[in-house]
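# fold the stuff below for me.
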Amino acid sequence: MPYIVLRRTDIPFGVLQPTLDLAPNTSQPRMGPYEPYSQTGYKNEPAADRVALTAGFATQAQYKGIVAWLITNISSGAGVIADGQITTDVPGTFSDGDTFVISDGTTVVTFEFAVTAGYGVISPNVAVDLSAAVNANDVRDAIIAAVNGVSNYDILASNGGAATVTLRNLNENIPAASRNVAITDSGIGGAWATLGMANATDSDALTAAEAWQDASDIETLAVAGTGLTLAAVNGALTTGTLSSAQLPELLRICAGESYTVPAGTVVQVAGAFTPAGSANYFGGDIRHIQDSGLLRISFTEGRLHLARQATFTYGGVAGSALEVYDDTGAVYTP
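I've put the predicted structure just below:
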């Protein structure tokens, strides 16, 4: 869904309501469970409580906002990534329906070879199209395209040389044991071989100071209004990185959804970062903005358009008040 993010830190809570062009309105009650949720509401700067940890790496109190999310979900990135390798073979080695399975520690994906033109791979399996392949390097390239085409998946495939796919797990925010998971297959013969995923080691947790600095880095991006893409956020963070699956959570917080971590939440055990997760800590109070005609009109000529302009004025100060982002964190394009 699109995310509306405040750019200015000088606009108090409950002042800016840029979504009045959108429907349904907050003042209109929902008529049954199939009616869409209201899209209107005030735009607030996300909370950013300073977090303090005990000597046992537990939160000293209840904390809200982006710093709390960072310290419970993002590691320092000081560990070693998991890596792996696939050795391919000529297309004749493979049959329709042959599979291999790679886990990134949170998502398990089954890749299925389609050798014959028109062979149908049924979701959720991901097709590896070999219908036009003539040699082992073509098979390599088809595997790379299939792996890198999976959304919110932390395995990156690249060309490792002749008939070789190199694999890297980019997510250091989960335990190493979850990332060191062997690649399995359905019994493919020939020169086909897999190695890994292996070699990952645990990172440690962010310190309170590191989480605060990372939150400041993200706020700087939000104020700039140029984009909150995964590449932009990871390029801006001083310590650690987000995984692709975590970006939507960050966008939700930047758009104003509450996130509250209880006191006593542990983020590190025996020197290894222990993610506290996030499912139970979100408030569920974000406005679900629909990518509709009303949004597009408002974005180009309505209240969203006006609030995005450099001439927008609040408190005698001119400057763009907000930006709208798509699901990838890029500036929304109608």
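# what comes up buried for the helix ranked longest in the chain?
Determined from DSSP state H, the single longest helix within the chain is helix 208-224. Applying a neighbour-count criterion of 16 or more other C-beta atoms under 10 Å, the buried positions in helix 208-224 are 208, 210-215, 217-219, 221-223. C-beta here means a position set from N, CA and C on the backbone, and glycine is covered the same way.
# let me have those in CSV, extended by pLDDT and distance to T300.
Listed next are those as CSV, based on pLDDT from 0 to 100; distance: C-beta to C-beta, whole Å:
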residue, pLDDT, distance to T300
A208, 95, 42
E210, 97, 40
A211, 97, 37
W212, 97, 37
Q213, 97, 37
D214, 97, 34
A215, 96, 32
D217, 97, 31
I218, 96, 27
E219, 94, 27
L221, 95, 24
A222, 94, 22
V223, 93, 23
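# now the helices: where do they sit in the stretch 1-150 of the chain?
With DSSP state H, counting those that start in this stretch, the ranges of helices along the stretch 1-150 of the chain come out as 66-73, 136-148.
# tell me which of these sits most buried.
helix 66-73 (a mean of 26; mean count of other C-beta atoms under 10 Å).
# just the CA coordinates of it, formatted as CSV?
The C-alpha trace of helix 66-73 is given here as CSV (Å, rounded to 0.1, in the frame of the first residue of the first chain):
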residue,chain,number,x,y,z
ILE,A,66,11.5,3.6,15.6
VAL,A,67,14.5,3.2,18.0
ALA,A,68,12.6,0.5,19.8
TRP,A,69,11.9,-1.3,16.5
LEU,A,70,15.6,-1.0,15.4
ILE,A,71,16.9,-2.4,18.7
THR,A,72,14.6,-5.4,18.7
ASN,A,73,14.9,-6.3,14.9
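# by contact count, what packs against it?
helix 208-224, helix 247-254, strand 260-261 (3 or more C-beta pairs under 8 Å, 6 or more residues apart in numbering; DSSP states H and E).
# which residues touch A215?
Listed by C-beta atoms under 8 Å, 6 or more residues apart in numbering, the contact set of A215 reads 48, 65-67, 70.
# where are the low-confidence patches of this protein?
25-43 (pLDDT under 70).
# let's see that with 80 instead.
Applying pLDDT under 80 to the chain flags residues 1, 13-14, 17-20, 22-45, 277, 279, 284-289.
# any idea how far the most centrally placed residue in it lies from A52?
Centroid-nearest residue in the chain: L247, 2.6 Å away (criterion: C-alpha atoms, centre = their mean). According to C-beta to C-beta, to the nearest Å, L247 and A52 sit 27 Å apart.
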